[in-house]
Structures are given as C-alpha cells and as structure tokens.
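Chemist: quick one: sequence plus predicted model below, questions after.
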Amino acid sequence: MLKYLAKRGITYVVMIFLTTSAGYFLAVSSLKPALLEQERIPRPTPEQVANSMRLKGLDPDLNPWERYVDWLTGILTRWDWGRSPNGAYINAEFGDRVWISTRLFLASIILTLVIGVALGVYSAARQYKFQDRVITSYSYLAYIVPAPIAYFLVQLGAININETVGERIFFVTGISTPGLAPGWAQFVDMLAHYVVPTVAITLVGWGAYQIAQRQYLLDNVNADFVRTARAKGLTRNQAIARHALRVSFIPVAQSIAFTIPAIFAGGFFAEKIFAWPGVGSWSIDAISLQDVNAATATLAYGSVIFALGAILADFATTLVDPRVRVQ
Amino acid sequence: MSSETTTGATQPARPDVERLHLAGLHAPTDAVLSVRDLNVRFNSENGAVHAVRGVDFDLMPGKTLGIVGESGSGKSVTSLAIMGLLPPTAEVSGSVRLNGRELLGLSDKEMCKYRGNDLAMVFQDPLSSLTPVFTVGTQIVEALTIHHPGMSRAAKEARAVELLAMVGIPSPKDRLKAFPHEFSGGMRQRVMIAIAIANNPRVLIADEPTTALDVTIQAQVLEVLHTAQEETGAAVVMITHDLGVVAGMADDIMVMYAGKPVETGAVDDIYYNPRMPYTMGLLGAVPRVDVAEKSSLVPIEGMPPNLLHAPTGCSFAPRCPLASDACLDGEPALAPVGGEAGHAAACIKSGSLGGSVDVHEVFAAPPVPVSRFDAIPREERSTVLELTDVRKHFPLTRGALIKRRIGTVKAVDGLSFDIREGECFSIVGESGSGKTTTLLEIMEFHPDQDGEVVIGGLSNKQAADTKTKARMRRELQMVFQDPTGALDPRFTVYEVLAEPLQNAGMDRGAIRKRIMELMQLVGLQPDHVNRFPNQFSGGQRQRIGIARALAVNPKLVVLDEPVSALDVSVQAGVINLLDHLRAELGLSYLLVAHDLSVVRHISNRVAVMYLGKIVEIGAVDRVFDNPRHPYTRALLSAIPVPDPQLERTRERIILQGDLPSPLQAPKGCNFATRCPVFAALPPAGQEKCLTLEPPLEPASAGTDQQFACFFPDGELDEDMLVAHEPADQHAP
C-alpha cells in the first residue's frame, strides 16, 4: 500500500510541476505588470518602471524562458516564489491567505459532508415519503440557486436577526474585530465572525452529497446481497445499515475527495462576499493586477490540493472497497 | 421502512375462510412446511398483477419438492412470499405454516426469528448475492451471530470452517479471510449454501441455484446441496425451469403455470405419466442428451397470459392444442387423477391423457426436416469454412508504466476444423474454454491473424481490402445470444432487416420483397414489420435476429448460444426453426452452446474444447454415445436428464474445482489437473500426461472421431465418481 501511494505521489509531483510550469509560461507571456505602472500619477518613465520591476525580479526585458529559469531556481534553491508588482513577497502573503482559506472552509466542509451523507441515508430510507421529498427538493434548489445569491440571502438573514434582537450578534463580513484583547472576548468575536459564512457555505454545499448518497444507497437497497442478508435473519433496516450502506459509500467517498480541492481553490465567491482575503480571491486579484508570481502560486496550490484530494480518494476507496486493494 | 407481510386488503371471503379451515384440518400434522391458498398481488401502473394464485403444498421433513415452471409462472414469488422477503407493497394472503406456526402476517422483525434459522434460502445469482465488501468468513459468522448471540467467537469461527469444508471449499481456514470477488461463481454458490445451512434449517429453499453456472459446476453444486440436505436433514424446495435438474433430486413435483399449480404429484408420475398438456409439452420441449433418435421438439406456441386480468377459462387454453369450448368455461381446479396417490392435474381432459398419448401428436410437432445434402456423403460436399492452426494468444502483463510480460493466455491454441455444406458443427466447453474467442477470430478477416481461416474459398490471408472482406462477410452471418441486446430498440423490424440489404446494394422494391419473404421464412407475420423489437416476445426477437442473419443469403450462420436466453417452450420453437432452415436453404451452422442437449439435438458434428484446444471432435452421435476423452465423458455425465429413474441410478463424474487459470495450465495435457483418469494413473503414466502434450488422433478407422488423450480407457478415480443408491434417497 505504501509503495503504491509513493508511486502515485511521484506521478502527482510530475503532474504538479508540468501544470505549474505551463501556468507560469501562460502568465508570463500574457500578464504585463509594467503596463499598470504606467497609469500611475505622476507617470513614471519607462526606465523607472523597468528598473523597479527588475528590482522585484520581474524584469520585462528578459524573455519568458530566462524568467522561468530565474523563477524556478528561486523556488528550488531558496523556496522563494518571487514578489508581486507592488513589492509584496509571495511566500509571506501566501502563508497568511492559506490559513484564512483553511479557517473559512474547513469547518464547513466537514459539516457539509456529515450533514449531506446523513441526510442522504435518512431520505433514502424514507424514499418518496414527505421527509424525503422535502430534503431532496431542497437539495435540488441548492443546486440551482447561484452560490453568491444564497450567501447573500444568508447574510440578509443574519442582519435580520441582529436587527430583531437589537444587538449585533453576527458579523456578516470580515475575519475579526481588530484591537481586542486576547482571551474570552476575542474567542466570542471569532465565533461571531465565523458563524455566518460557515452556515452559508454548508447550506449551499450539502445538497450534492445528499443527492449522491441517496441515489447510491437506493441503488443498493434492493441489491441481491441485501436480500441474502435478510434471508439470514436481519431485518430490512439492519440489512441496509450493515450491508448496503458501506457499498453505497464507495462512490461517494471518491467524489468527496475530489470536491474538497474544488471548494478550497475555487471558493472565491465566498471569500469575496464575506470579505475573507483567502487564496481564492487572491487568485482572481492576481490576474487583474497582472501579478505573474501570485497567479502561478495560486495555480500551484490548486494542483497540490487536487493531488492530495486524489490520493485521499484512492486511500478512501481502498479503505471501504476490498476489491481494489492492491496485493 | 418496515416491511410487513400484510394479509392484504382483500381479506379472504367467507368460502375461503372455510376452505382454509378445512385445509388446515386436513393438513398432515407432521408437515414441516404447509402452504395453503397462497396468493400474491403486486400493484403496477396498469392495475394489480396477480402473480401467485392459490398455491397449496405440504413439505415433509427431509423430502424434496421441485417447483417447475417458466419465467413469470410465479415460482420465485412463491418462495419469496414464504420467506417474507417480498416488497412491502406486495399483497400476500393465505397461509404459510412452519411446524404448525403461521408465518404470514408476522412483522419483519418477528419473521427474522425464522429466516436463516428454520427457514433458509439459496438464491440464483451467486455473483451478486454476497456483499462485496465483507469477507466470506464475516458473512458466514454473521448468520450464526444473528441466531446465536451467545456463541463465542472461537466457536463461531470453528463452525464457519466446518461449514466451508462441508460445501467442499479447499483449505477452508484460510479462505475465511477471502473476499467474495476472490471466488469463482461456483465457489460463491457453495458459500451461499454454507450460509443457508449454518443454523441447520428445517426448510431450505433453493431458487434456481445452478442456472448461472456451467454444467460441470452445476453437477458439483447439486452434489453439495445433496450433502447439505443429508447433513441437516432439511426439507428442500427446489425451484427450477430445468426439468433435468430436479429429476434426480425431487420426491414430488409441482408444475406452475400463470401463477397457479397446474399439476402436482410424485416425481415418477409427473415425468412418466403427465396428465396436463402443459406438463406434457414441457417434457417434450426439452432435447435429450442421451437419446440419438432424431425427432422434432415439441413447440408450445404463444405466450403465457397476462396476469393483470383474472382468467375466465383455463389459463393454458390459448396455447393448448387440445383446447375446446369447455376449457374456456371457468378455470379448472387441481383435481386428483386416476390411480396414483397425490397426483393431481388442473385439466378437464386429464382423464383421457393416459400414458399412451404421444406428445408429438398432441402438439403437432413438425416432421424432422430432411436436407438435400443429407444423402450426399460428407467428403463429397464442398467446404464452407476451414480453420487451419488458428491461434490467439493474449500477453498477460503487469505494471502501470513499464509493462512486463508475465505470461501468455492461450485463449485459442492451434484450432483446425472444417464445416461442410448443409451441416451443423458445434463447439462445446465450459466458460473460459475459448469458444467465443474462436468465433471472434473467424469473424476477424485479417491477414495478420495467426493461422488461416477460409470462408467460402476466400482466405483471411487475402483479406487486405474492404471488398474481399465484404464478400467474406456476406458468406457468413451471426446470430447473437441475447436477442434483446442485439436489436436496436429504435429500429423497426423493417429497418433492422433492410440494413444488411441496403449494404449489399439492393434497390428499394427488391428490399421490400425480400423482407416479406424473410418474415414468412422465420415464422413471423409479415404485417408486423413496422413494429419495434420491444413489441415482440423473446422467441420472436430471436427469430428477427435469425431473419437479419439470413437477409443476405449467407452460406454459413454462426450461432452464439442462440437459445440460452429463452424459456424451454419457446426454445423448442426456435430450435425447430433452425433445423428447418438448415434443411430448406442448405445452410451450414457453426453453433456455440453450453447446453449439450441442444447441441446433440441440432448438430451433425461436435468439437469439445478445453483451455483453447480441441480435445475431442467427431460426428455428434459417435462422440456423445462413445466419448473417449475423459473431459467429454465428464461433461456428458454432468448433464442432468429429465428421466427420474435414470437420474437416480446414474453414475456421475464430478470434476474437482474450476477451469484452471491459463497461467496454471500444465505443460503437458491441459486437463491433467482435473482429470479423473489421471488421478487414478500409476506415477509413470502421470509423468507422461504432465510432460507430453497428447496429439489429436483418430479414434478408430472408418470414423472421423478424434481425441487427444494418452489413456482413453484408463480407470476413473473412485473419488470423482458419485452415484446415489436408489434406496438411499428414495425410501418409500
């Protein structure tokens, strides 16, 4: 198993390298930070711009290959991912933002999974009954409503609560209130900031898992092996819980591992709307600010997360399905 | 999600209550399972389907009841109703008593006390009946845990090992940790039987337990069931469509048709003295592997009735050649027939259907067709297909990026045979023996193939251009196993049949004329050409498949299991049609079938394949009556014959294990690992079998029978021979 995972790991490292390199070439040949510099007032001379860029390692006069070699050497020898046109260091910026993104999404991913799978099982057990219809209709609705609108509605709801109570219980944007002393007050403040985005992302997210889990379980509820289990003397519910559930979880486990990277790297709507400056919003900003190194770094981050997800999917599948265990 | 076996919204009316009461009083008190007036209704979009309509039977301890019927006759629904495993939407009424306790009306939870304990079941498809994510051991132990929560872990494991050993799984202790996908189909069915008998059930229901298995494996599994019954003393309900399978096992038979028992009785009465035209037809529709005499099979025309509407007359009347107006007047009840105790038939004419009535006359079986080629000696007829040393080897590789070759799968290994005009040549063998690969190689038409395939004088070595390929293809057409899958559901029959003709460049008028001809040829109504395949029954669809193959007037038709997906009564009609077409059009057939009875009935010559090689070949009567190769002998002895007396005394060769994987094939004779002769040979002889490959040699001068074995007359190993003493199983 370890050997197998190591093999997969190497494959993914190669893949990440190729994606990131290709991304760098694309970015370096299409993003021109020097052009933005020229819109400053007072307008700097082209020499000044070129000089300032050169100092930040973004020399526009070098050809893409030379810049790629410089960039790669920096990463490989010093783990230095370069600088932004505004002078900021990618490494430092990235560290802050990854932490923010992780804080924003981790809790909601776990909640989404647990609630989605649990509701999927619950609704499958009550197929076509009232509860099933309500839950599944909701999931389809969550599918249809664009995420920004749903987030916005949750924000409005939170504001409504604040107004009804007459006190500001929830913060609808931002990470924390600056200037609070560490301790209980800061913890409560963090929670107050945390609740609204977490609830919003969870509410929108679980639908997909609920639908998938319900569908896969229903496919297995009438399977021959469930009938065998009942013929042994298990009640229908016991047979489903012991035999059908695990089999139906195999495809879900795989899809879970692959959606995690999508949420992490693609959560820019949530980050923008709730004003959490994470990786997602950074990747969009990087493109509009013609920031070659930041754009490439977010791309690299996306592929690393994807590879982790894929290895996690392999691992999860092997865990629940003996048929794919490698000898 | 509770599944309650409701006694139904349709409470039995007053007369039924009385009937049940009376039946209850008269039920033998020592019956382990008593079923009275069992009715099952399913609600469908079109209304209630009355799937089981009044089934009564008593099962005595240790006895075997065979329930026989075609698909849709309600036999599986009956068994599921007894087990309480029908979906909650099914309405079940009547009475099912296990040792005197009523089971119908119990809740799912209450039913669990009996299921798997006193009442166990083995299902049809062993591949899907075990949970793929749990080990075999876990699944056996679970059956024990449910009913014996107090049993210690060690005791349960010991019992599981004992059970696996009982059903014949080698090294049972290690195999406990194996997952179902590591077992073959036959092995999984053994595990299913082990689970079923884990708690020494009083009643064991086996629902088509061998239908999905090869004949050699079927013989093994039936043997295991027999052992299981002996060990547990359970009464067995054996559900099957194959009259051969139950002939040797059952004490009593119940024949079901349209949800109702139409004839019940002791096994000998049913087989030798049937009194219901349907039973007679079923028996006449089955080809016999042990009879050379050529007579047409009995076809039962038409389809079983739709159970949405209550029948007003005898449900078999529309298909019965003896039906008269009186038959349409009310459904006949099961009534005792003269003389034999316990023999009852639901037919108003059962009195006149004594033993002397010939079923072929009753059902107007067509005369045996005679081909114009039959009179010409085989050597003088021209060759339509010739294979010379055809090989197909697949490399077996391991590794993801860099593939290492770790072996070769010799799917077809040096095959040579020819087919002459007007003859039917069959290839038989277990699954995995290379039959299908042979067909694919014949249809390949590629110069790079290993070996030469000559079709109608054209060799695959010349088939470089599409024109030659098209010419070869016109000489040879194929009929597929699954008639439903082989027809495009969105093509009308007209479009299906017109396609090959358009390809051949025929004009529209000629196409129309040819299609009408074809429809008549295969016995379909020409005005049905604008229907879609789903508007036809299975047998009719296979007829469309045959018509499609015949459209371009081929010389040779390749038939890949043409009747294995069809019910017995329908199968007889299709076989008769194939026989008729061969004679009338002078066709040659290349038939691949696992059912040796069908092969014997329809073919002239036969080749027996084992692991990619022909081990015996020759005229069908020669090979079947005087088999020389031990594998042929084992195959033939494994086939059950619908003749109870013969079945009871027959000696069977039970091959051990499954077809070996091609990687484990021995250097010398492929068959040595399973050979009953090899097992009994002295070491010197064994050495020869293991090192030298026996060549295909003529059996004797004057016949074309050839076989590949060094010791065709060798003694058979005693351990692989099984014969049941008549007294042992059928004590009076």
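Modeler: In hand now; what should we look at? All values reported here derive from a predicted model rather than from experimental measurement.
Chemist: leaving out chain neighbours, which residue sits closest to the one residue sitting closest to the centre of chain B?
Modeler: Compute the mean C-alpha point of chain B, and by C-alpha atoms, centre = their mean the closest residue is B:Thr211, 5.0 Å away. Spatially, and ignoring its direct neighbours in sequence, B:Thr211 is nearest to B:Gln124 (5.7 Å; C-beta to C-beta, 6 or more residues apart in numbering or on different chains). Yep, even glycine has a C-beta here, placed from its N, CA and C like the rest.
Chemist: same deal with B:Glu697?
Modeler: Nearest residue to B:Glu697 in three dimensions, chain neighbours excluded: B:Gln706, at 6.1 Å (C-beta to C-beta, 6+ apart).
Chemist: what about the one you found, how many neighbours?
Modeler: By other C-beta atoms under 10 Å in any protein chain shown, 20 other residues sit near B:Gln706.
Chemist: the nearest residue to B:Arg674 once chain neighbours are set aside: how many residues sit nearby?
Modeler: Of all residues not flanking B:Arg674 in the chain, B:Leu655 sits nearest, at 4.9 Å (C-beta to C-beta, 6+ apart). Residues lying near B:Leu655 (other C-beta under 10 Å) number 26.
Chemist: helix, strand, or coil at B:Val384?
Modeler: strand (DSSP: H, G, I helix; E, B strand; the rest coil).
Chemist: pLDDT value on it, please?
Modeler: On pLDDT, B:Val384 comes in at 91.
Chemist: contact partners for it?
Modeler: B:419-421, B:455-456, B:475, B:555-556, B:588 (C-beta atoms under 8 Å, 6 or more residues apart in numbering or on different chains).
Chemist: what pLDDT is listed against the residue in the stretch 151-300 of chain A positioned nearest to chain B?
Modeler: In the stretch 151-300 of chain A, no residue comes nearer to chain B than A:Gly233, which is 3.4 Å away by C-beta to the nearest C-beta. pLDDT recorded at A:Gly233 is 91.
Chemist: same check, this time on B:Val237
Modeler: According to the prediction, B:Val237 has pLDDT 95.
Chemist: likewise A:Ile240?
Modeler: Looking at A:Ile240, its pLDDT stands at 90.
Chemist: next up, the contacts around it.
Modeler: If you count contacts by C-beta under 8 Å, 6+ apart, A:Ile240 has them with A:125, A:217, A:221, A:226, B:1.
Chemist: now with 7 Å, please.
Modeler: Counting by C-beta atoms under 7 Å, 6 or more residues apart in numbering or on different chains, A:Ile240 makes contact with A:221, A:226.
Chemist: again, but for the one 5 residues further on
Modeler: For A:Leu245, the residues meeting the contact criterion (C-beta under 7 Å, 6+ apart) are A:121, A:217.
Chemist: just the element for it, please.
Modeler: Counting by DSSP states H and E, the element that carries A:Leu245 is helix A:245-266.
Chemist: closest residue of chain B to chain A?
Modeler: Among the residues of chain B, B:Gly116 lies nearest to chain A; the distance is 3.4 Å by C-beta to the nearest C-beta.
Chemist: got the end-to-end distance for stretch A:224-243?
Modeler: 11 Å (C-alpha to C-alpha, to the nearest Å).
Chemist: identify each buried residue in it, please.
Modeler: For stretch A:224-243, burial by neighbour count (16 or more other C-beta atoms under 10 Å in any protein chain shown) applies to A:224-236, A:238-240, A:243.
Chemist: who in the stretch 1-150 of chain A is up against chain B?
Modeler: Contact residues (C-beta under 7 Å from any C-beta of the partner chain) of the stretch 1-150 of chain A with chain B: A:Ala125.
Chemist: what about the closest residue to B:Phe179 other than its chain neighbours, how many residues nearby?
Modeler: Leaving aside its sequence neighbours, B:Phe179 sits nearest to A:Pro322 (C-beta to C-beta, 6+ apart; 4.6 Å). Around A:Pro322 there are 16 other residues, counting by other C-beta under 10 Å.
Chemist: sorry, back to before: do I have it right that the residue of the stretch 151-300 of chain A closest to chain B meets B:Arg115?
Modeler: Yes - contact criterion C-beta atoms under 7 Å: A:Gly233 and B:Arg115 qualify, at 4.6 Å.
Chemist: quick check, pLDDT for B:Val412.
Modeler: On pLDDT, B:Val412 comes in at 89.
Chemist: so who does it touch?
Modeler: The contact partners of B:Val412, taken as C-beta under 7 Å, 6+ apart, are B:390-392, B:434, B:437-438, B:441, B:612.
Chemist: what bridges to it?
Modeler: B:Lys392 (DSSP bridges).
Chemist: distance of it from B:Ser184?
Modeler: The gap separating B:Val412 from B:Ser184 is 22 Å, by C-beta to C-beta, to the nearest Å.
Chemist: need phi/psi at A:Thr136.
Modeler: Here is the backbone geometry of A:Thr136 (degrees, to the nearest 10): phi -70, psi -40.
Chemist: what helix or strand does the closest residue to it other than its chain neighbours sit in?
Modeler: Distances taken as C-beta to C-beta, 6+ apart place A:Ser123 nearest to A:Thr136, at 5.7 Å, with adjacent residues excluded. Here A:Ser123 sits within helix A:90-125, counting by DSSP H and E.
Chemist: which residue would be the closest one in the stretch 51-200 of chain A to chain B?
Modeler: Proximity of the stretch 51-200 of chain A to chain B (C-beta to the nearest C-beta) peaks at A:Ala125, 5.1 Å away.
Chemist: just the pLDDT at that residue, thanks.
Modeler: So, for A:Ala125, pLDDT stands at 85.
Chemist: elements contacting the longest helix along chain A?
Modeler: When chain A is scanned for its longest helix (criterion: DSSP state H), the result is helix A:184-221. If you count contacts as 3 or more C-beta pairs under 7 Å, 6 or more residues apart in numbering or on different chains; DSSP states H and E, helix A:184-221 packs onto helix A:90-125, helix A:130-144, helix A:147-165, helix A:245-266.
Chemist: centre of the chain to it, how far?
Modeler: Offset of helix A:184-221 from its chain centre (C-alpha atoms, centre = their mean, to the nearest Å): 13 Å.
Chemist: and what about the residue nearest to B:Arg674, helix, strand or coil?
Modeler: Criterion first, three-state DSSP; result for B:Leu655: coil.
Chemist: retrieve the pLDDT associated with it.
Modeler: Looking at B:Leu655, its pLDDT stands at 84.
Chemist: pLDDT weak spots in chain A?
Modeler: A:1, A:264-266, A:325-327 (pLDDT under 70).
Chemist: list the contacts of B:Leu297.
Modeler: Residues near B:Leu297 by C-beta under 7 Å, 6+ apart: B:284-285, B:287, B:365, B:572, B:575-576, B:601.
Chemist: how near is the nearest residue to the residue of the stretch 151-300 of chain A closest to chain B once chain neighbours are set aside to B:Lys667?
Modeler: Counting by C-beta to C-beta, 6+ apart, A:Gly233 lies nearest to B:Gly116, which is 3.4 Å off, once chain neighbours are set aside. Between B:Gly116 and B:Lys667 the distance is 47 Å, computed by C-beta to C-beta.
Chemist: beta partners of B:Val722?
Modeler: Beta-bridge partners recorded for B:Val722 (DSSP bridges): B:Arg652.
Chemist: residues near it, how many?
Modeler: So B:Val722, with other C-beta under 10 Å, has 17 neighbours.
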